[in-house]
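Engineer: What follows is a predicted structure for the sequence shown.
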Amino acid sequence: MRWLDHREPVPEPLRGAVIALGNFDGFHLGHQQVAGEAIEWARAEGRPAIIATFDPHPVRFFRPEVPPFRLTTLEQRQELYLAAGATAMLVFHFDAALAGTPAEDFIAQILIERLGAHGVVTGEDFKYGKGAKGDVALLRGFGATRGLETRTVGAVTDGGAPISSSRVREALKDGDPQEAARLLTRPFAIRGVVEHGDKRGRTIGYPTANLAIEHYLRPRYGIYAVTGRILATGEVLKGAANVGIRPQFDPPKELLEPYFFDFSGDLYGQEIEVAFHHFLRPEAKFDSLEELVVQMDADCERARGLLELGSHEDTKM
C-alpha cells in the first residue's frame, strides 16, 4: 500500500482519486463510514481510493503541552486503511506551513493541483485551512467551480450520541476496553519494540516484555487481560499485562508490561502489538513480593478464563 506525503505531487496512477478527508486516528465506526463512502464511490467509477490522516495531530501542533492522546500510530493506520480497501494512505504533515494555508488554497493548490483529487468525502463538521475557517460549504462551492466533487457523511450515533475518538478515549481512561473495542470495532492496541528491563519479573516467575507507551493515550493504569501479536511472525499470544508505573518497585517507571502465558521465547528487540481486552484491577502496592505473586497468580487465572471465553464467543459469531 502506498504511503503518500501531501507535500509531494501524487504519482500519476493515483491522480483522479477519491480522498476520504479527516484525521481518522482511531478509525472508529464513524471514520469507517466516511472511508467506506469514499471507497465505494471510487470503485463505482474505477478510481483510486485514498484515506487521509494528519501527523502530528493538529491539537499536538497547537497545544504541545497536552498529555498523549493518540489511539494509533501511522503504521497501524496504514494497516487499517488497507484492510478497509483503500489504495493508499495520504499523510498531511501538520506544520506551520499547513496551519497557515488559507482554506481556498488548501482546496485549489493542495487537493486539486498537487494531489489531483477528483472528489473528497468528509464528515459534516470537517474544518481545515488557516484558523480552521474552511468548512464543507466552502469545499462544495469553491471546490465545485474547479472540478472537485464533495460528498459528506453525517455523524454515526450510538445511544443518542455521536461515535467519536473522544468517547473511545474516555472509555479507555475509565478502564473499559470493551466499550472502546465496541466503538473501534477492534480492541485498542499499543505497538512497540520490546526493551530490556530490570528483569525483576523473572525472579518471581513472571518474565514480562517491556514496552514504552510513547505517544499513545494512557488507558487507566492497572492489570488487563491482553493478547499480543508478534509482528514478524504473526504469532498471537494470550496474557496479562500491567500498564502504569509499577508501584511495587522503585524508581517508578511508566511501562506496558505484558506477561504471556505458556511462552518461553526471546522477544527482546522484536516489535509486538498488545491488545487490551478486559480490565482486571487497578495498580496496587503489596506488603511483600509474596503477596504480589499470589495476586498475580489470581490475575493470570482470571485473564486466562476471560480470554478463553472470548475465544469461544468469537467462534460462535
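Structural biologist: Great, that's in hand.
Engineer: Phi, psi for the residue nearest to residue 241 when sequence neighbours are not counted please.
Structural biologist: Nearest residue to residue 241 in three dimensions, chain neighbours excluded: residue 258, at 3.8 Å (CB to CB, 6 or more residues apart in numbering). For the C-beta atoms, the positions are set from N, CA and C on the backbone; glycine is no exception. When read as degrees, to the nearest 10, the backbone of residue 258 gives phi -80, psi 140.
Engineer: State the distance from residue 132 to residue 57.
Structural biologist: Distance of residue 132 to residue 57, given as CB to CB, to the nearest Å: 14 Å.
Engineer: Which one of those two is surrounded by more residues?
Structural biologist: Between residue 132 and residue 57, residue 57 has the larger neighbour count (other CB atoms under 10 Å), namely 18 against 13.
Engineer: so that one makes contact with residue 23?
Structural biologist: Yes. Residue 57 is within contact range of residue 23, at 6.4 Å (criterion: CB atoms under 8 Å).
Engineer: and the most centrally placed residue in the chain, what is it in contact with?
Structural biologist: Centroid check for the chain by CA atoms, centre = their mean gives residue 72 as the closest residue, at 2.2 Å. For residue 72, the contact set (CB atoms under 8 Å, 6 or more residues apart in numbering) comprises 25, 26, 27, 80.
Engineer: now residue 110, what's its secondary structure?
Structural biologist: Under DSSP: H, G, I helix; E, B strand; the rest coil, residue 110 falls in the helix class.
Engineer: pLDDT value on the closest residue to it other than its chain neighbours, please?
Structural biologist: Nearest residue to residue 110, sequence neighbours excluded (CB to CB, 6+ apart): residue 6, at 6.3 Å. pLDDT for residue 6: 96.
Engineer: and residue 6, what does it touch?
Structural biologist: Listed by CB under 8 Å, 6+ apart, the contact partners of residue 6 are 52, 90, 91, 92, 93, 98, 110, 114, 115.
Engineer: Residue 8 is in contact with the fifth one, correct?
Structural biologist: Looking back up the chat, that one is residue 93. No. Distance between residue 93 and residue 8: 10.2 Å, which falls outside the contact criterion (CB under 8 Å).
Engineer: Surely residue 36 is in a helix?
Structural biologist: Yes. Using three-state DSSP, the secondary structure at residue 36 is a helix.
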